[in-house]
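> Give me the fold of what follows.
(chains A, B, C and D)
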Protein chains: 4
Amino acid sequence: MSERTQTAKSAEQRLDEAGRWWSTSIIDIEPGRISVRGYPIQELIGALTFPQMIWLMVRGDLPSPEHARLLEATLVAAVDHGPHAPSIAISRMAITCGLPLNGAMASAINALDDIHGGAGQGCMELFRTISTSVGDRDATPDEIEAGVDAYIAAHGKIIPGFGHRWHGVDPRAQRLMKLVDAARSAGTISGRFARMGIAVESLLQRRKGSPIPMNIDGATAVIYSELGFEPALGRGLFILSRSVGILAHAWEQSQQGGRIKGPMAPSIPYRYTGPAPRTLVEPPSSET
Amino acid sequence: MSERTQTAKSAEQRLDEAGRWWSTSIIDIEPGRISVRGYPIQELIGALTFPQMIWLMVRGDLPSPEHARLLEATLVAAVDHGPHAPSIAISRMAITCGLPLNGAMASAINALDDIHGGAGQGCMELFRTISTSVGDRDATPDEIEAGVDAYIAAHGKIIPGFGHRWHGVDPRAQRLMKLVDAARSAGTISGRFARMGIAVESLLQRRKGSPIPMNIDGATAVIYSELGFEPALGRGLFILSRSVGILAHAWEQSQQGGRIKGPMAPSIPYRYTGPAPRTLVEPPSSET
Amino acid sequence: MSERTQTAKSAEQRLDEAGRWWSTSIIDIEPGRISVRGYPIQELIGALTFPQMIWLMVRGDLPSPEHARLLEATLVAAVDHGPHAPSIAISRMAITCGLPLNGAMASAINALDDIHGGAGQGCMELFRTISTSVGDRDATPDEIEAGVDAYIAAHGKIIPGFGHRWHGVDPRAQRLMKLVDAARSAGTISGRFARMGIAVESLLQRRKGSPIPMNIDGATAVIYSELGFEPALGRGLFILSRSVGILAHAWEQSQQGGRIKGPMAPSIPYRYTGPAPRTLVEPPSSET
Amino acid sequence: MSERTQTAKSAEQRLDEAGRWWSTSIIDIEPGRISVRGYPIQELIGALTFPQMIWLMVRGDLPSPEHARLLEATLVAAVDHGPHAPSIAISRMAITCGLPLNGAMASAINALDDIHGGAGQGCMELFRTISTSVGDRDATPDEIEAGVDAYIAAHGKIIPGFGHRWHGVDPRAQRLMKLVDAARSAGTISGRFARMGIAVESLLQRRKGSPIPMNIDGATAVIYSELGFEPALGRGLFILSRSVGILAHAWEQSQQGGRIKGPMAPSIPYRYTGPAPRTLVEPPSSET
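A predicted model of the protein is given here:
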């Protein structure tokens, strides 16, 4: 908007409005001073682990060491699932188009949407739905079933966090659930979301007649729910983790070289299913 | 390309070409088995810190605990510099447009390019240039000067890693350089890039007549060079770090709410500098 | 997945699966021959207008000249709304971070999501809901009201396409609706979505007690609905249009120069609302 | 930066700085009034073609009808080259991850970088180099050769705009060059860049001993150079054109359905080239 339309407010009023336009409780900066959630940054550097810093940034306070270790294990688990994953393929193709690492990572991270990067969040939302209806006690099998059915009614028949197109049993989920078990035994988490996840798994197996084991997204949802993260942050934390794989593959591709690498080798055709050859015989006229 | 043009090669030949189209030494996956750089993923989960996993993914082998701690401190240091940074502002604005966390992070991370996210890489390239010319010994002041002049000739007069538009002294750089000092004393790094960084800082101060202190990008470049990272990975690791701030601000913005939040409060005008009002008086004719 | 797991299928079977992996009815390519929707590309170049080509690409057939002109006018109308729009600001800030035009455009276009770029689509979905319930005849005021109420129940109280935070009357909407009127008079469109849009506008005014005039997104929704586009393509076509402004501003910013330009002048503060200064007095312990 | 550091400047001074932070000569907006390059928007809607509006936005003035038609033909020519192109594949894969059209287009457009989307720009830069050295007259064969050699010295041996990995002869280039010929005959362009392009093509053929015909990027570079566009805008205009294909393929993919579609059918393996299976036998120790 051009300046001449702004005469009605005083400079002070307009500046006050500007000052309220951006506000944050994350970081405060003055010349020579940076504080994060109230802590001087220089106290945090070298003192916090990276997962503790992640927790402080998104939650506002520091986790216990036990909680930080569970977060750390989960971040380690999800870094990569190879070039058949669209995000990894996008990252590598982007490098062959000339993008630097930031650009390749951006195009790839963008694709970590509802289906590719949001399964953990989806599973956390299912757990949230169930837990909201039962309060602090464990859900009964009927309540689990009602929650799953409500999820299916809202989102379709695929329950995120269970089953995997590659893995009969997901080795990452197994390992994470062992860490969950140990933390529950040690009393650092309650274990109610672990029990909930296992109950959902049992229900799905009963319905299908064969196992649909919890996958990494399900185990991640268990842990992040136990740790008290909001479901949307399940996606956010997954992105921080998978970004490592996206970076590593982008970097490896840049070392391999190659120009304009498409999805498939040139010898692999795509299938054309459109109209047979035709010609612009006459100017098209209005169809209405 | 349609299938009918592909008859010359046998199915085996074409499949072989396909198999060579994507190759990686990062990850190997079979049903029920995932190995990262040769390690079964379940051995790494709960055993490696997140920075160790980052190192393994991008370098191929595990760091020493001391090296991993230096990497960790550097990752902690750079997570955020507030909403005046374009990447953070982009992330927050994107949320107000309706994007989920992955989309906001993608638009923001994309902007971590040469100028906003590449200063550490630039400084590492300067160090690389100097160190390549002198081998393993320390550079003389004249060799430092020659390296800086070569950098200026190639990239312009701004030496990345020194000086800061907000901070006279960058508290993050000071703290990181103390950790570098301790690591050098303990013999876990050589310290030659630390000495190089300080020598560049001295040169810049002599030339300008006032201090241009090493900033976080300079200290980061020192550490990543000491740790043996390629310069391009300096940018990549910075992105992993700043992604935390980008996520935290996106999340905070989503909790604040608000729709279509532009860069400035509506009461803050922009300046229109274009043509005075005019009208389409006549169809324009060819100007050639 | 490594090769050794793939022995069960023959090369022919696997290649056949590959061939079905990507299929398209848009374009067919052989060496020296490109056909788009069945037309040889060389027949289209110089013969079709750009809007006709856009239509052919997304719809599969050519529009009448009258329909193409309505599409063209709508594409012209939405190219820009200045630097207060987040997408434009993102594009300009990205340039100051070092991104080339493609990168700046990508970060900006990404932000054309539900709220910033999806209003036309939202309005088309409202029209679709109403028209589905009444078939080919015009909706009664009660049916309009029922449709609006259903939309509000599903999406919240803001009806996209009506009202504008800057403009009491949107000059683009007025002009587009005149073109709609002329097309209806000429019989090239039916006019039922124009009448529907005006009926929604009347309803909103009655409810609020003051005008909430149709804006550019509403007028665009009228036109694209008259032309038979799917609602999701309303967003897609808007992106093609606004990309022009995003490009123009990115280019202008690159000519202006400047490095790391945040959202606001450095003299404009943001508001810090977080914890008061604190210190890491002791290692945090488990909170459970 | 928190407010308390900002006391030194008056509100008026700070507001003045804010007003100068964003400036544009593209668009001026006041309530109820939008003018583009000085023209009221309502005069342009329905009066300008979309390519004329594109030209006005990026150049500041209106093109002649003849120039607008050349731009239009070039925009039509480059809309798509099928799913083997990384940008198209990225767009389609992003849809299967759950992204809406804006997100899919963003990830894809991002990849139109130096190599995939910048060939036209690269060729324009070559033409610019040659034409700068010879002024308004045609370059001699020796001057052409010197320009090409300078380009190779700066950018490597691939001359953008000539040769095509799929097409012996690019039907789009042939058709565009016929339009160039007609425009030169009609006197609406000078033809010097057409002659320059043909001279480069001849040189490349002489050097290689076989034809390296001008491709669509070369023909586009000829036209945009004749029309007086800056080289960087060659990339920008290409993006506007290819965005159409990116949109059409994203839309088609969304109609086809499918979840998490990677680059290759699951039956097509990738090649693992990393370390043989190993185990975390002992904690790694410092390597320095």
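> residue contacts, A:R195?
For A:R195, the contacting residues are A:D138, by C-beta atoms under 8 Å, 6 or more residues apart in numbering or on different chains. C-betas here are computed from N, CA, C, even on glycine.
> Quick check: it is in a helix.
Yes: under DSSP: H, G, I helix; E, B strand; the rest coil, A:R195 falls within a helix.
> Model confidence for it, exactly?
The model reports A:R195 with a pLDDT of 98.
> Then the one 10 residues further on?
The confidence metric pLDDT takes the value 96 at A:Q205.
> What of A:S286?
In this model, A:S286 carries a pLDDT of 48.
> can you map out the helices along chain A?
With helices called from DSSP state H, chain A shows them at A:11-21, A:41-44, A:50-59, A:65-77, A:86-96, A:101-110, A:119-134, A:141-155, A:171-185, A:192-208, A:216-226, A:231-256.
> looking at those, which is buried most?
helix A:101-110 (a mean of 32; mean count of other C-beta atoms under 10 Å in any protein chain shown).
> pLDDT weak spots in the stretch 1-150 of chain A?
The stretch 1-150 of chain A contains residues with pLDDT under 70 at A:1-8.
> which parts of it sit against chain C?
Proximity of the stretch 1-150 of chain A to chain C, by C-beta under 8 Å from any C-beta of the partner chain, involves residues A:1, A:15, A:18-28, A:35, A:37-40, A:43-44, A:47, A:60, A:62-67, A:82, A:84, A:99, A:103, A:106-107, A:110.
> Mind putting the helices of chain A into TSV with distance to C:S190?
Converted to TSV, those look like this (distance: least, C-beta to C-beta, whole Å):
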stretch	distance to C:S190
helix A:11-21	45
helix A:41-44	63
helix A:50-59	52
helix A:65-77	56
helix A:86-96	41
helix A:101-110	39
helix A:119-134	42
helix A:141-155	36
helix A:171-185	56
helix A:192-208	48
helix A:216-226	48
helix A:231-256	43
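> Of these, give the one that comes closest to B:P160.
Of all the helices of chain A, helix A:101-110 sits nearest to B:P160, with 15.0 Å by C-beta to C-beta.
> Show me what that closest one is packed against.
In terms of contacts (3 or more C-beta pairs under 8 Å, 6 or more residues apart in numbering or on different chains; DSSP states H and E), helix A:101-110 is packed against helix A:86-96, helix A:231-256, helix B:101-110, helix B:231-256, helix C:101-110, helix D:101-110.
> how about the second one, does it reach chain B?
In this case it means helix A:231-256. Yes: on the criterion C-beta under 8 Å from any C-beta, helix A:231-256 is in touch with chain B at A:232-233, A:235-236, A:239-240, A:243-245, A:247-252, A:254, A:256.
> Go ahead and confirm A:P213 touches A:V169.
Yes: using C-beta atoms under 8 Å, A:P213 is in contact with A:V169, at 5.4 Å.
> neighbour-wise, which of these two wins?
The neighbour comparison of A:P213 against A:V169 (other C-beta atoms under 10 Å in any protein chain shown) goes to A:P213, with 18 against 15.
> Which residues are in contact with that one?
A:162-164, A:168-170, A:173, A:201.
> mind redoing it with 6 Å?
With contact set as C-beta atoms under 6 Å, 6 or more residues apart in numbering or on different chains, A:P213 has these partners: A:V169.
> Repeat that for A:Y224.
Listed by C-beta under 6 Å, 6+ apart, the contact set of A:Y224 reads A:G234.
> Would you mind measuring from A:I45 to chain C?
11 Å (C-beta to the nearest C-beta, to the nearest Å).
> if we can go back for a sec, of all the helices and strands packed on helix A:101-110, which one comes closest to B:G197?
Short answer: helix B:231-256, nearest of these by C-beta to C-beta, at 13.1 Å.
> got the angle between the closest one and helix B:86-96?
40 degrees (axes from the mean of the first three to the mean of the last three C-alpha atoms, to 10 degrees).
> Helix B:231-256 near chain C anywhere?
No: using C-beta under 6 Å from any C-beta of the partner chain, helix B:231-256 stays clear of chain C, coming no nearer than 9.7 Å.
> okay, the angle between that helix and helix B:50-59?
Going by the same axes, to 10 degrees, helix B:231-256 makes 130 degrees with helix B:50-59.
> Please work out how many residues are found near A:V281.
If you count neighbours by other C-beta under 10 Å, A:V281 ends up with 7.
> Up against chain D, what does chain A have?
Residues of chain A lying near chain D (C-beta under 6 Å from any C-beta): A:1-3, A:5, A:11-12, A:14-15, A:19, A:28-30, A:83-84, A:86, A:89-90, A:93-94, A:97-99, A:103, A:107, A:110-111, A:113-116, A:259-260, A:262-264, A:270.
> For stretch A:124-137, report the contacting residues that lie outside it.
With contacts defined as C-beta under 6 Å, 6+ apart, stretch A:124-137 is touched by A:139, A:143, A:147, A:151, A:193, A:196, A:221, A:225, A:231, A:234.
> For the second one, list the residues it contacts.
To tie it back to what came earlier, the one meant is A:E143. Going by C-beta under 6 Å, 6+ apart, A:E143 touches A:V134.
> and the residue lying closest to A:F162 once chain neighbours are set aside, how far is that from chain D?
What sits nearest to A:F162 in space, not counting adjacent residues and going by C-beta to C-beta, 6 or more residues apart in numbering or on different chains, is A:I212, at 4.7 Å. According to C-beta to the nearest C-beta, A:I212 and chain D sit 16 Å apart.
> Straight-line length of stretch A:12-32, end to end?
By C-alpha to C-alpha, to the nearest Å, the extent of stretch A:12-32 from end to end equals 27 Å.
> Give me the contact status of that stretch with chain B.
Yes: applying C-beta under 6 Å from any C-beta, one finds stretch A:12-32 touching chain B at A:14, A:17-18, A:21-22, A:26-27, A:29, A:31-32.
> residue contacts, the one residue sitting closest to the centre of chain A?
Taking C-alpha atoms, centre = their mean, the centroid of chain A lies closest to A:R235, which sits 2.3 Å from it. Contact partners of A:R235, counting by C-beta under 6 Å, 6+ apart, are A:117-118, A:121, B:101.
> Apply 10 Å and report the result again.
Counting by C-beta atoms under 10 Å, 6 or more residues apart in numbering or on different chains, A:R235 makes contact with A:112-114, A:117-122, A:124, A:224, B:100-102, B:105, B:247.
> That one - nearest residue in space that isn't next to it in sequence?
In space, and not counting its chain neighbours, A:R235 is closest to A:Q121: 4.2 Å by C-beta to C-beta, 6+ apart.
> Go ahead and confirm that neighbour touches A:I115.
No: A:Q121 sits out of contact with A:I115 when judged by C-beta atoms under 10 Å, with a separation of 11.0 Å.
> any residues in contact with both of the two?
Common neighbours of A:Q121 and A:I115 (C-beta under 10 Å, 6+ apart) are A:P160.
> And the contacts of stretch A:151-158?
So stretch A:151-158 is in contact with A:114-115, A:119, A:122-123, A:125-127, A:129-130, A:159-160, A:200, D:259, going by C-beta under 10 Å, 6+ apart.
> Throw the residues you listed into TSV and include distance to A:R206, thanks.
Shown next, in TSV, are those (distance: C-beta to C-beta, whole Å):
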residue	distance to A:R206
A:D114	27
A:I115	26
A:A119	22
A:G122	21
A:C123	18
A:E125	22
A:L126	17
A:F127	19
A:T129	20
A:I130	17
A:I159	13
A:P160	19
A:V200	11
D:R259	24
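> right, and the pair among the residues you listed with maximum separation?
Farthest pair in the contacts of stretch A:151-158, by C-beta to C-beta: A:I130 and D:R259, 24.1 Å.
> ok, back up a step: list the contacts of the residue nearest to A:F162.
A:159, A:161-164, A:200-205, A:218.
> Quick check: the gap between the nearest residue to A:G218 once chain neighbours are set aside and chain B.
Nearest residue to A:G218, sequence neighbours excluded (C-beta to C-beta, 6+ apart): A:G161, at 3.0 Å. Remark: distance between A:G161 and chain B (C-beta to the nearest C-beta) = 17 Å.
> Tell me the backbone dihedrals of A:G161, please.
Phi and psi for A:G161, reported as degrees, to the nearest 10, are phi 100, psi 0.
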